[in-house]
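# Got a predicted structure plus its sequence, pasted below:
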Amino acid sequence: MIVMRTLVRLFAVLVSLAGSLVAADLTGIWMGEVPGRNGEKQDLAFRFQTVKGEVTGVMFGDEFDLPVQELRVEGARVSFSVTNVNFYDGKKVRTIYSGVLTGKTLELTKEQAKAADSGKPKEANPVIMLKRLG
């Protein structure tokens, strides 16, 4: 009886590990909306593709597209960053996205990377829901 319980537990652990080792299929175009200035909604879209076994991505912009950097897919967990240049002062702004991929939905949060801690409490990051097109 003890051997049977041990085998069942071992099987459950192996199944859960196998599920987490399989990378989620991130390829495709993902679209959603984020809160913008003055409470208006702004479109947000990414395209991810696999080239020679490596997943790459791009964030679509109004005037130009920005490459996705530091892209990691670990099971259903996804994280990456996008660096933009502020139009007004020329400073680089790095935004870090992280979340979970479930089927045709990518749930992300975003956070501005800061060079130094400003001492201000962090605001809660709302969840961004993106849907895979097609």
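Okay, I see it.
# Would you map the helices across this structure?
For the chain, the helices defined by DSSP state H occupy 2-21.
# ok, which stretches of it are strands?
For the chain, strands defined by DSSP state E occupy the ranges 28-35, 41-51, 54-59, 66-74, 77-85, 92-102, 105-112, 128-132.
# Can you add mean pLDDT and mean neighbour count and give those back as a markdown table?
In short, each C-beta sits where N, CA and C put it, glycine included. A markdown table is the format used below for the strands of the chain (pLDDT from 0 to 100; neighbours: other CB atoms under 10 Å):
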| stretch | mean pLDDT | mean neighbour count |
| --- | --- | --- |
| strand 28-35 | 94 | 16 |
| strand 41-51 | 94 | 15 |
| strand 54-59 | 95 | 16 |
| strand 66-74 | 96 | 14 |
| strand 77-85 | 95 | 17 |
| strand 92-102 | 95 | 16 |
| strand 105-112 | 95 | 17 |
| strand 128-132 | 96 | 17 |
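# Please name the nearest non-neighbouring residue to V85.
Nearest residue to V85, sequence neighbours excluded (CB to CB, 6 or more residues apart in numbering): K92, at 5.7 Å.
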